[in-house]
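Visitor: The following block contains a protein sequence and its predicted model.
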Amino acid sequence: MTTIAPRVFSGVQPTGNLHLGNYLGAIRRFVPLQDQYDCLYCVVDLHAITVWQDPAELARNIREVTAAYLASGIDPRRSIVFNQSQVSAHAELAWIFNCVARLGWLNRMTQFKEKAGKDRENVSVGLYDYPVLMAADILAYRATHVPVGEDQKQHLELTRDIAQKFNVDFGPRIAELGLGDAFFPLAEPLIQGPAPRVMSLRDGSKKMSKSDPSDNSRITLTDDADAISSKIRKAKTDSEALPSEVAGLDGRPEAENLVTIFAALSGIERADVLKDFGGGNFSTFKSALADLAVAKMGPIGAEMKRLMADEAHIDGVLRDGAERANAIAEPVMRDVKAIVGFIGSR
Ligand code: AQP
């Protein structure tokens, strides 16, 4: 059995409006993984252009995600922080994987169905192909662990299917070249955490999302204290008091979401949140949640703004990261090309 060294890869799209869901479901969880693994944290700009992006806005948003990484505690000397478009292996490997993945697999992707909606004929081919590019992102580094929010679980399963099919289809060739018995790892999603799915503040049945037309549906990472407090005050709730036990949150998605956010931000269990606030009304709870959110998110937003004012520094971090990412991906791509039968790469 070939052993592939553990490595973490994850990414965030620079599509603006970075929010609390992106932070709790993904970015915050990237930080402690640095102590355990070699990590690559990517700003996935090739993914962003699957829907129209204004070029100047895109450049700003790439720097914003980078700033969010750094402000949240990702150390660019320990982890590799870079933007996807600067490492050609992502696009090259995606093409090879396009020829491995099956159309039926992509047809099952629920995120495409949600994002394309009724306008299916008019969305970009890239939006449909998004999960194949995601497989390439991960496997260009032969990454073994991928911290993501729950919404990405199905895409991770596709990544494993692609890796498995590649390993089987080219099995004899991989062995012949002395590259072990499985070239690509079956990457594990790391989804656990206190808030794998943060919901919209306006509708507890929808996930908090960058593209929601309502700004009040999300707390963005650069919201100031007033905006954070006002969005929490206006968050949708029901008319009953908070329950005293977690089971009492069933069927009350908005209450459950706010309690989950409180627990995730304070680092305590939901049961303990309800011990303190159960039986009370929402206005007392919302005011405590607003204070907590301002205390936890305010300093991150302020640090992001400070970092974003120094574009040269951010661009330097990304350039250095791209060089280090390329140094890992290039030999992988040379092997992949040799496995496929392309001459001239090895
Ligand atoms: N609501 C969420 N709760 C928990 N985790 C979330 N993530 C996104 N929304 C939530 C996680 O954040 C990481 C980066 O996501 P992304 O920017 O690459 O893409 P996305 O999942 O499409 O994010 P959005 O905010 O929902 O954007 P739109 O509105 O464009 O669809 C991922 O790990 C994701 O799981």
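Guide: Yep, that arrived. Numbering: from 1, shown residues only.

Visitor: The stretch 151-300 of the chain: helices as residue ranges?
Guide: Along the stretch 151-300 of the chain, counting by DSSP state H, counting those that start in this stretch, helices occupy 153-169, 171-176, 225-234, 253-266, 270-277, 282-308.

Visitor: got the residues of the stretch 1-150 of the chain near the ligand?
Guide: 12-13, 15, 21-22, 25-26, 148-149 (CB under 6 Å from any ligand atom). Backbone N, C-alpha and C define where each C-beta goes, glycine included.

Visitor: let's see it at 5 Å
Guide: 12-13, 21-22, 25-26, 148-149 (CB under 5 Å from any ligand atom).

Visitor: now, of the helices of the stretch 151-300 of the chain, which is deepest in the fold?
Guide: Mean neighbour count, computed with mean count of other CB atoms under 10 Å, is highest for helix 253-266 among the helices of the stretch 151-300 of the chain, reaching a mean of 22.

Visitor: Up against the ligand, what does the stretch 151-300 of the chain have?
Guide: Residues of the stretch 151-300 of the chain found near the ligand (CB under 5 Å from any ligand atom) are 151-152, 197-198, 207-211.

Visitor: Buried among these? Make that a ChimeraX selection.
Guide: Buried residues among these (16 or more other CB atoms under 10 Å), as a ChimeraX selection:
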select :151,152,197,198,207,208,209,210
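
Visitor: Name the residue of the chain with the shortest distance to the ligand.
Guide: With CB to the nearest ligand atom, the shortest gap between the chain and the ligand falls at residue 25, namely 2.0 Å.

Visitor: What about that residue, how many residues nearby?
Guide: 26 (other CB atoms under 10 Å).

Visitor: Spit out the contact partners of the closest residue to it other than its chain neighbours.
Guide: Using CB to CB, 6 or more residues apart in numbering and skipping residues adjacent in sequence, the residue nearest residue 25 is residue 149, 3.2 Å away. By CB atoms under 8 Å, 6 or more residues apart in numbering, the contact set of residue 149 is 21-22, 25-26, 191, 196-198.

Visitor: Same question for residue 68.
Guide: Taking CB under 8 Å, 6+ apart, one finds 12, 18, 22-23, 27, 221, 300, 304 in contact with residue 68.

Visitor: Pick the one among those residues closest to residue 342.
Guide: The shortest approach to residue 342 among the contacts of residue 68 belongs to residue 12, at 32.1 Å (CB to CB).

Visitor: for that closest one, what are its contacts?
Guide: 18, 22, 26-27, 42-44, 65, 68-69.

Visitor: Next step: those residues restricted to helices.
Guide: 22, 65, 68-69 (DSSP state H).

Visitor: Number of residues surrounding residue 58?
Guide: Around residue 58 there are 17 residues (other CB under 10 Å).

Visitor: and it, what is it in contact with?
Guide: 14, 45, 48-49.

Visitor: Go again with 7 Å.
Guide: If you count contacts by CB atoms under 7 Å, 6 or more residues apart in numbering, residue 58 has them with 14, 45, 48.

Visitor: In JSON lines, list those along with neighbour count, distance to residue 96 and pLDDT.
Guide: Shown next, in JSON lines, are the contacts of residue 58 (neighbours: other CB atoms under 10 Å; distance: CB to CB, whole Å; pLDDT from 0 to 100):
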{"residue": "14", "neighbour count": "26", "distance to residue 96": "25", "pLDDT": "98"}
{"residue": "45", "neighbour count": "22", "distance to residue 96": "21", "pLDDT": "98"}
{"residue": "48", "neighbour count": "24", "distance to residue 96": "22", "pLDDT": "98"}
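
Visitor: so how far is the first residue of stretch 107-121 from its last?
Guide: 14 Å (CA to CA, to the nearest Å).

Visitor: Not counting that stretch itself, show me its contacts.
Guide: 123, 127-128, 131, 151, 154.

Visitor: and if you look at stretch 42-52?
Guide: 9, 11-15, 58, 62, 65-66, 82-85, 90-91, 124, 126-127, 130, 133, 137.

Visitor: Please repeat the previous calculation with a cut-off of 6 Å.
Guide: Applying CB atoms under 6 Å, 6 or more residues apart in numbering, the contact partners of stretch 42-52 are 11, 13-15, 62, 65-66, 83-85, 124, 126-127, 130.

Visitor: buried set for it?
Guide: In stretch 42-52, counting by 16+ other CB under 10 Å, buried: 42-50.

Visitor: For it, measure first residue to last.
Guide: Termini of stretch 42-52 sit 20 Å apart (CA to CA).

Visitor: And stretch 98-117, by the same measure?
Guide: 23 Å.

Visitor: Report the two of the contacts of residue 12 separated the most.
Guide: Greatest spatial distance in the contacts of residue 12: 18 and 42, 14.6 Å, computed using CB to CB.
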